[in-house]
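J.: I'll drop the sequence and a predicted model, then ask my questions.
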Amino acid sequence: VFRDDFPLLQRRIDGRQIVYFDSAATSLNPRPVLDAAYQYAATIGANVHRGRHTLAAEASAVFESARQSIARFICAEPECVIFVRGATEGLNQVATGLELSKDDNVLVPVTEHHSNLLPWMRVANVVPLATPAEAAMDIAHVADALEHSEARVFAFSHASNVTGVVQPAAALCRAARDRGVISVVDASQSAPHLPIDVRALECDFITFSGHKMLGPFGIGVLSGRREALDKLRPMMVGGGTVDHVDQESFILTALPARLEAGTPNILGAVGLAAAVAYLDQIGWDELQAHEACLADRLRGELSGIPRVRMLMARSKPCLALASFVFEGAALKPGELATMLSLHHNIMVRSGRFCAEPLLHRVGLSEGAVRVSAYLYNTEDEIGLLGSVLRDFGRRFTIRG
Ligand SMILES: Cc1ncc(COP(=O)(O)O)c(C=O)c1O
């Protein structure tokens, strides 16, 4: 039903349509997102917050209205919606902005994306939290780890980009808060698929990327509790971040500008506002019902293929996302992804998905293939993938 809204899905390669199963890496843009960015460039074009002429005033109004739409979408105050390039920048801003030292412990699950691991490694002492790969974290176990690790920060992803596991984020944040630990939620993989309510989560910090939720590249959001954001040392300073400057010193301005140095990605913000409006219009109930069907079908197809070893959430809710390998196969994940693309226009990701510690732990150091579906995918497409994989399995698996 949603396919027609996505111009890219009209594209044909070798005369055949595209089956796009790489939305966890980046999602496609619906027409309103493309139109919004085009409209801004074609009719306003000016920079924000810097001028008094008509176009500059319109620019600021449109940009701030985008911030307000996004704030409503995640139930945050507009001043607590900080535009960043994406989740990686958001996490780096928090990690550096907290001014930690190597004596500070940061509890990080072993299942994390590198963007929620490396920033902490640089500035603090990372304490790995052993968590199941295919199930949500156990709150009592986390509470125990929070106490024993004497962590100052607990940073976790709301949903996994390797297994599609969705975490009970509110309960995890509460466990941290009850122990005076700062909570940081990487919502890169959850914001596209489920409602984010910053107030209900009561997290200190949360961040996500626009390009994974139908928006443009190079725009994302850092949000959280106002007092927590207020205390962050800006990763960058410069134009727009100050109230007063003299030759020796400067005084930082209030949120959100104090954390948004330099000219922002205005086209990105406008496009992201259009993306959240599009998601709002569909509604979470419809989107989640559709994705739950896709997830069930994906599990059914992959689990029915001989020698496929699948990594996929066993707990619910979960994403319509799974990683897999053919065990004992002559075909490496990258080769399989190439063949799926060349022969069937099926676009899947292969590799280690920026989550090497997790892939090592589950014995997939050579990487895997990842299928990630979104609202524009259909059950038929998953059926097609299943039959193609069954055929590959028959032809390329070494028997014995
Ligand atoms: C769980 C998770 N965290 C963080 C990121 C980083 O997002 P970005 O590259 O948009 O900054 C990703 C992207 O793949 C992700 O899946």
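T.: Right, received. Where do you want to start?
J.: wait, residue 2 sits on residue 378?
T.: No. Residue 2 is not in contact with residue 378 according to Cβ atoms under 8 Å; the separation is 9.5 Å. To be clear about C-beta, it is placed using only N, CA and C from the backbone, and glycine gets the same treatment.
J.: which residues of this protein fall in helices?
T.: Secondary structure of the chain, counting by DSSP state H: helices at 31-43, 54-73, 87-97, 118-123, 139-149, 169-178, 198-201, 226-231, 266-282, 284-303, 333-344, 356-361, 379-396.
J.: residues from the stretch 251-400 of the chain in reach of the ligand?
T.: Residues of the stretch 251-400 of the chain lying close to the ligand by Cβ under 6 Å from any ligand atom are residue 354.
J.: now the residue of the stretch 251-400 of the chain found nearest the ligand, nearest residue through space, not along the chain?
T.: The nearest approach of the stretch 251-400 of the chain to the ligand comes at residue 354, 5.9 Å away (Cβ to the nearest ligand atom). Nearest residue to residue 354, sequence neighbours excluded (Cβ to Cβ, 6 or more residues apart in numbering): residue 114, at 4.4 Å.
J.: now residue 131
T.: Per Cβ to Cβ, 6+ apart, closest to residue 131 is residue 109, 4.5 Å.
J.: coming back round to it: winner for burial among the helices of the chain?
T.: Across the helices of the chain, averaging neighbours per residue (mean count of other Cβ atoms under 10 Å) puts helix 87-97 on top, at a mean of 24.
J.: how about it as CSV, C-alpha atoms only?
T.: In CSV, the C-alpha atoms belonging to helix 87-97 read as follows (Å, rounded to 0.1, in the frame of the first residue of the first chain):
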residue,chain,number,x,y,z
ALA,A,87,23.1,9.1,16.0
THR,A,88,26.9,8.8,15.8
GLU,A,89,27.3,12.5,16.3
GLY,A,90,24.7,12.5,19.1
LEU,A,91,26.5,9.7,20.9
ASN,A,92,29.9,11.4,20.5
GLN,A,93,28.4,14.7,21.7
VAL,A,94,27.1,13.0,24.9
ALA,A,95,30.3,11.0,25.5
THR,A,96,32.6,14.0,25.1
GLY,A,97,30.2,16.4,26.7
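J.: hmm, back to that, which residues sit in contact with the residue of the stretch 251-400 of the chain closest to the ligand?
T.: 113-115, 161 (Cβ atoms under 8 Å, 6 or more residues apart in numbering).
J.: on that earlier part again, what pairs with the residue nearest to residue 131 across the strands?
T.: On DSSP bridges, the residues paired with residue 109 through beta bridges are residue 129.
J.: count of neighbours near it?
T.: Residue 109 has 24 neighbours, counted by other Cβ atoms under 10 Å.
J.: next one: it from residue 275, what distance?
T.: Distance check for residue 109 against residue 275: by Cβ to Cβ, to the nearest Å, it reads 28 Å.
J.: hmm, residue 319 and residue 371 touching each other?
T.: No. Between residue 371 and residue 319 there is no contact under Cβ under 8 Å: 10.6 Å.
J.: count the neighbours of the residue lying closest to residue 30 once chain neighbours are set aside for me.
T.: Spatially, and ignoring its direct neighbours in sequence, residue 30 is nearest to residue 5 (4.2 Å; Cβ to Cβ, 6+ apart). Other residues within reach of residue 5, judged by other Cβ under 10 Å, total 18.
J.: give me the pLDDT for residue 5.
T.: Looking at residue 5, its pLDDT reads 98.
J.: what's near enough to touch the residue nearest to residue 60 when sequence neighbours are not counted?
T.: Leaving aside its sequence neighbours, residue 60 sits nearest to residue 48 (Cβ to Cβ, 6+ apart; 4.7 Å). Neighbour list for residue 48: 56, 59-60, 63, 263-264, 266 [criterion: Cβ under 8 Å, 6+ apart].
J.: just checking, residue 55 touches residue 41?
T.: No. Counting by Cβ under 8 Å, residue 55 does not reach residue 41; the two are 11.8 Å apart.
J.: report the central residue of the chain.
T.: Closest residue to the average C-alpha location of the chain: residue 188 at 1.5 Å, with Cα atoms, centre = their mean.
J.: might you report the residue contacts of that one?
T.: Contacts of residue 188 by Cβ under 8 Å, 6+ apart are 86-87, 113, 115, 157, 159, 161, 207-209, 212.
J.: check these against the ligand, which are close?
T.: Answer for these near the ligand (Cβ under 6 Å from any ligand atom): 86-87, 113, 115, 157, 161, 209.
J.: closest one of those residues to residue 9?
T.: residue 209 (21.1 Å; Cβ to Cβ).
J.: please name the nearest non-neighbouring residue to that closest one.
T.: residue 86 (3.7 Å).
J.: now that neighbour: how far from residue 246?
T.: Noted for residue 86: a distance of 34 Å to residue 246, by Cβ to Cβ.
J.: ok, back up a step: format the ones next to the ligand among the contacts of residue 188 as JSON lines; extra columns: pLDDT.
T.: Formatted as JSON lines, these follow (pLDDT from 0 to 100):
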{"residue": "86", "pLDDT": "98"}
{"residue": "87", "pLDDT": "98"}
{"residue": "113", "pLDDT": "97"}
{"residue": "115", "pLDDT": "98"}
{"residue": "157", "pLDDT": "98"}
{"residue": "161", "pLDDT": "98"}
{"residue": "209", "pLDDT": "98"}
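J.: now, which of these lie within strands?
T.: 157, 209 (DSSP state E).
J.: distance of the closest residue to the ligand within the stretch 201-350 of the chain from residue 373?
T.: Nearest residue of the stretch 201-350 of the chain to the ligand: residue 209, at 3.3 Å (Cβ to the nearest ligand atom). Look at residue 209 and residue 373: by Cβ to Cβ, they are 18 Å apart.
J.: same question for residue 334.
T.: Applying Cβ to Cβ to residue 334 and residue 373 gives a distance of 21 Å.
J.: for stretch 53-70, what is the distance to the chain centroid?
T.: Mean C-alpha position of stretch 53-70 versus that of the full chain (Cα atoms, centre = their mean, to the nearest Å) differs by 25 Å.
J.: also stretch 260-279?
T.: 16 Å.
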